[in-house]
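sharing a model prediction with you, sequence too.
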Amino acid sequence: MDLSALRYLEAVARHGSLTAAAKALRVAQPTLTLAMRNLEKRFNTTLLVRTRSGVSLTPSGEELVRHTHDIFAILDRAEQRIHGLMSEDVGKFTLGCHESLGAYFLPGFLGDFMAAAPQIELTLWNGTSQGVLDAIVRREVHVGMAVNPIPHPDLVLVELFRDAMDLVTLATPENGKRKKPDAAEELAEAHALLKKGPIIFAGRVPQCQELLGRLAAEELLPAKQVSCGDLELTKSMVLGGLGVAVLPRRVAAYNAFGRLRRVHHSLPFVPDTIFLAFRADMPKTRGFVRLKEALVAHGRKLGPAEAVLP
């Protein structure tokens with residue numbers, strides 16, 4: 001329906017005359033008359049009746065004018081809302097990431113962001129990195145973080161920070177009477193610890209499988225292996241003193257700093273890169289830009305992965 005016809009009807013109702021309404025609207029009276037006839041034809045009813053002083057609304061006309069007021073009030077609110085989205089830090093967004101990544105990234109980020117942009121509402125969506133990317137493509141998630149993402153034609157990928165899938169174990173207090181081993185002894189102890197096992201890993205994570213393959217190639221893979229469902233369970237078991245774990249350094253370090261350490265700096269590890277992802281056609285409202293820039297800034301101040309674990 002042409003909304004101008006409804007505006008014409010509203011003006012006719014307000015002025016009580018086709019002539020006065022046409023003058024106020026700055027349109028020719030035949031144009032106004034034709035618009036009223038088309039409205040009556042569309043609704044199959046009479047909207048206006050002529051009187052000595054002009055025109056008046058029929059009951060059908062009064063009902064349509066009431067709905068017209070509602071329609072234009074909704075449009076006005078929509079216009080104000082859209083203007084606000086483009087010029088103010090407002091909006092509702094879904095942020096996707098893996099649970100373990102979110103566990104160390106989100107607490108610090110959300111605390112600062114919610115204080116700085118209180119009118120932006122965030123919902124969290126958790127899944128694998130590939131699951132996050134798929135959800136963004138399906139428009140179920142507005143922006144997300146993914147580890148080593150595969151490029152997609154519909155997505156923009158922005159590098160945030162680096163990590164590494166590494167071999168970690170429980171850090172035990174040094175015996176003050178024990179002489180610190182030299183480099184060769186230290187490496188031999190790391191090899192012995194590995195071969196003793198067990199080695200604990202999240203079987204569904206590709207980087208874990210890649211690191212196990214590299215250990216096998218160097219004949220360092222222990223016979224005792226424990227495959228579990230996710231990184232958090234892996235972490236809890238190594239914190240309980242069970243062998244060596246395959247974990248991202250940042251996952252191993254959060255809320256456990258000083259309790260876990262790398263088995264040895266010369267042992268194999270798998271580099272990771274964490275990216276921010278969003279659809280290329282995502283509307284660049286001010287709220288979205290504020291959220292994206294805050295995520296990038298927080299990611300890039302995390303520091304190098306080498307400094308995360310001793």
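Happy to help now that I have it.

quick one: low-confidence parts of the protein?
Applying pLDDT under 70 to the chain flags residues 1, 76, 80-81, 83-87, 173-180.

try 80 this time
Low-confidence segments of the chain (pLDDT under 80): 1-2, 73, 75-89, 172-181, 257.

the most centrally placed residue in it pairs with what?
Centroid-nearest residue in the chain, with C-alpha atoms, centre = their mean: Leu95, separated by 2.2 Å. According to DSSP bridges, the residues that bridge with Leu95 are Leu124, Val143.

pretty sure it contacts Gly144?
Yes. The pair Leu95 and Gly144 passes the contact test of C-beta atoms under 8 Å, sitting 6.6 Å apart. For glycine as for every other residue, the C-beta is placed from the backbone atoms N, C-alpha and C.

packing partners for the longest helix seen in the chain?
If you go by DSSP state H, the chain has its longest helix at helix 59-87. Helices and strands touching helix 59-87, by 3 or more C-beta pairs under 8 Å, 6 or more residues apart in numbering; DSSP states H and E, are helix 3-15, helix 29-43, helix 286-300.

what angle do that helix and helix 29-43 make?
If you take axes from the mean of the first three to the mean of the last three C-alpha atoms, to 10 degrees, helix 59-87 sits at 100 degrees to helix 29-43.

helix 59-87 to helix 3-15, inter-axis angle?
Using the same axes, to 10 degrees: helix 59-87 against helix 3-15 is 120 degrees.

quick check: angle from helix 59-87 to helix 286-300?
30 degrees.

quick revisit: switch the helices and strands packed on helix 59-87 over to TSV; also include distance to Asp112 and mean neighbour count.
Shown next, in TSV, are the helices and strands packed on helix 59-87 (distance: least, C-beta to C-beta, whole Å; neighbours: other C-beta atoms under 10 Å):
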stretch	distance to Asp112	mean neighbour count
helix 3-15	44	18
helix 29-43	54	15
helix 286-300	7	17
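
next up, the contacts around Ala11.
Shown in contact with Ala11 (C-beta atoms under 8 Å, 6 or more residues apart in numbering): Ala21, Ala24, Leu25.
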